[in-house]
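Trainee: Mind folding the following:
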Amino acid sequence: MSNLSRYAFGIALTAGLLIITGAFSAAQAPSPYTVLSREGRRPLAVRSINGQEMFAVEDLARLFGFTTREDTIAGGLTITFRGQTIVLSPGQELASVAGRLVSLSAPPARDGREWFVPADFVNRALAPVAGTRIDLRRPSRLIVVGDIRAPRIAGRLDVQGSLARLTLDVAPTTAHTVTVEGGRLMIRFEADALDVIFPAPAGPDLVQNIRLDGNNAIAVDLGPRFASFKSSDLPGERGGSRIVIEIVATTTEPAQPGQTAPPPQEAPSLLELSPTGGLRSVVVDAGHGGGEEGARGPGGAVEKNVTLGVARRLKAALEGRLGVRVILTRDGDATVGLDQRAAVANNNKADLFISLHANASVRSSASGAEVFYLSLDEYGEEAARAAAAPGETLPVFGGGTRDIEVVPWRLAQARHTQNSAALARAIEASLRARIAMSPRALQQAPFRVLVGANMPAVLVEMGFMTNPAQEKQLSSEDYQNAVTQSLFDAIVQFRDSRLPAGAR
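Mentor: Numbers count the residues shown, from 1 in each chain. Okay, here's the model as predicted:
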């Protein structure tokens, strides 16, 4: 480049002018991008110019709210966004963004009165001055704006005989559930949108199709040979995770046209699938609700919202990763009586009852999580007799007898106090590895909500809502995820401790 050319280039940058050169290639119509933001989904048209994907500056200005000024003498354009200026040099794949030079994949181009910039202008030039995240994702043709939760998911499907293995690499790790609904396997994520690369379907008699269902779910259309599935979570790379779903085929071939299929056999109850000592169902109790807000923090956060948030996360983790049935005593802002909460667990024959709360204190400095199990000291010998009492044998309609437990409501927990203590110890140790604990982290207390639970039961105070710093933690996604993971790990440890050695 001559000295004169260098001088002209410097003037162009200083004046903030955009000078465009370059001719259009044959017009093509690539598929549009989708801009995801809190305002919703909006399409962004794309033009192919000289083999490069380009966005119209006018379309970007309408979406992001920046202004443009054309210099008719120099034939350029200045872009101003949030008080910052973006300048491009003539015929150069360079941009001056708030005084810093960045490279682009192609120089800008002009068609009539319309200006076009390469697609990477969005993340390389616009994002640094936007004041919020702008993430260009070419493979999925998405532009994610702001705090939208849109995890990247890459899928792979391997089919071998009667087994199909669907592997989903998710980044970042995102809470999810896996369920079977009407001939489909539904994988739902706690996200605003999904950025998915789907595997090609294979083995149509087992997996017919894999597709998006709404904004935050993947649907796996199952074939006629589907029999069951197993889902497990594994650690992934760079803060991500891997979901592995094994889809198992029935051992018999589907009936051919003209043949009479054998009558279906009744599937065994889900509650009978786990080995003795295993987990089949868990009741998670989100403390308070409705008109009972519970503890309120100085910043306005309330206990009932924190407990429901963690309860939903724990339900998703247990169902999606262990395959157990999870019942919430409330899944919304409803008032539920103390005895009714334990009754939900008893009526569903739950194996565990976990009640979630946030603490309060007149001392704003009080902090840390605490775990409680029930104290029956006030009942003395009566509690001991209830714990040792055998079940009663009653006649059953149609002949035979059935052993049932008849225990006074106030003593229902008596025969489970040792297991409740073991569960409480496992939870306390697991929480301690991730969050701050109170000086009295493990305690016994006569909590009414635990009294009537006829299974191992604990109450977890996840922190002090009245502590300003801990109020912010309790309301944060990171803290709630840490509590959820701690509870999940403790439940797995407790389950494994009760399994026979050969079944672990």
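Trainee: Helices of the stretch 101-250 of the chain, residue ranges please.
Mentor: Along the stretch 101-250 of the chain, counting by DSSP state H, counting those that start in this stretch, helices occupy 121, 127-130.
Trainee: Give the ranges of residues in this structure that sit below the confidence cut-off.
Mentor: Within the chain, the ranges that satisfy pLDDT under 70 run 1-29, 72-76, 89-90, 201-203, 251-278, 376-412, 499-504.
Trainee: Where do the domain boundaries of it fall?
Mentor: The chain breaks down by automatic domain parsing into domains covering 3-145, 152-253, 281-503.
Trainee: Mean neighbour count added to those, as JSON lines?
Mentor: In short, each C-beta sits where N, CA and C put it, glycine included. Output for the domains of the chain, formatted as JSON lines (neighbours: other Cβ atoms under 10 Å):
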{"stretch": "domain 3-145", "mean neighbour count": "16"}
{"stretch": "domain 152-253", "mean neighbour count": "17"}
{"stretch": "domain 281-503", "mean neighbour count": "18"}
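Trainee: For the spatially most central residue of the chain, what are phi and psi?
Mentor: The centroid of the chain falls nearest to Ala175 when counting by Cα atoms, centre = their mean (2.3 Å). Dihedral pair for Ala175: phi -60, psi 140, per degrees, to the nearest 10.
Trainee: In this structure it contacts Asn216, no?
Mentor: No - taking Cβ atoms under 8 Å as the definition, Ala175 is not a contact partner of Asn216, at 10.8 Å.
Trainee: Which residue ranges of the protein form helices?
Mentor: Counting by DSSP state H, the chain has helices at residues 3-15, 57-64, 121, 127-130, 303-322, 338-347, 381-388, 417-432, 448-451, 468-475, 477-498.
Trainee: List the beta-bridge partners for Val178.
Mentor: Ile187 (DSSP bridges).
Trainee: just checking, it touches Leu168?
Mentor: No - contact criterion Cβ under 8 Å: Val178 and Leu168 do not qualify, at 10.0 Å.
Trainee: Identify the contacts common to Ala175 and Asn216.
Mentor: Phe189, Glu190 (Cβ atoms under 8 Å, 6 or more residues apart in numbering).
Trainee: re the thing from before, let me see the contact set for the residue nearest to the centre of the chain.
Mentor: Counting by Cβ under 8 Å, 6+ apart, Ala175 has contacts Phe189, Glu190, Arg313, Ala316, Ala317, Gly320, Asn481, Thr484.
Trainee: Could you report the separation of the closest residue in space to the third one that isn't next to it in sequence from Lys315?
Mentor: Computed as Cβ to Cβ, 6 or more residues apart in numbering, the closest residue to Arg313 that is not its neighbour in sequence is Thr484, at 4.2 Å. With the distance defined as Cβ to Cβ, to the nearest Å, Thr484 ends up 10 Å from Lys315.
Trainee: which phi and psi does Gly65 have?
Mentor: Dihedral angles (degrees, to the nearest 10) for Gly65: phi 80, psi 30.
Trainee: beta partners of the closest residue to it other than its chain neighbours?
Mentor: The shortest distance from Gly65 to any non-neighbouring residue, by Cβ to Cβ, 6+ apart, is to Phe81 (7.8 Å). For Phe81, the beta-bridge partners under DSSP bridges are Gln84.
Trainee: I'd guessed Phe81 sits against Thr68; true?
Mentor: No - taking contacts as Cβ under 8 Å, Phe81 lies outside contact range of Thr68: 9.8 Å.
Trainee: just to revisit the earlier point, can you put the helices of the stretch 101-250 of the chain in a markdown table and add distance to Leu63?
Mentor: As requested, the helices of the stretch 101-250 of the chain are exported to a markdown table (distance: least, Cβ to Cβ, whole Å):
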| stretch | distance to Leu63 |
| --- | --- |
| helix 121 | 13 |
| helix 127-130 | 11 |
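Trainee: re earlier: columns distance to Arg113 on top of the helices of the chain, output as a markdown table?
Mentor: Listed next are those as a markdown table, based on distance: least, Cβ to Cβ, whole Å:
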| stretch | distance to Arg113 |
| --- | --- |
| helix 3-15 | 21 |
| helix 57-64 | 9 |
| helix 121 | 19 |
| helix 127-130 | 25 |
| helix 303-322 | 51 |
| helix 338-347 | 67 |
| helix 381-388 | 86 |
| helix 417-432 | 63 |
| helix 448-451 | 70 |
| helix 468-475 | 50 |
| helix 477-498 | 46 |
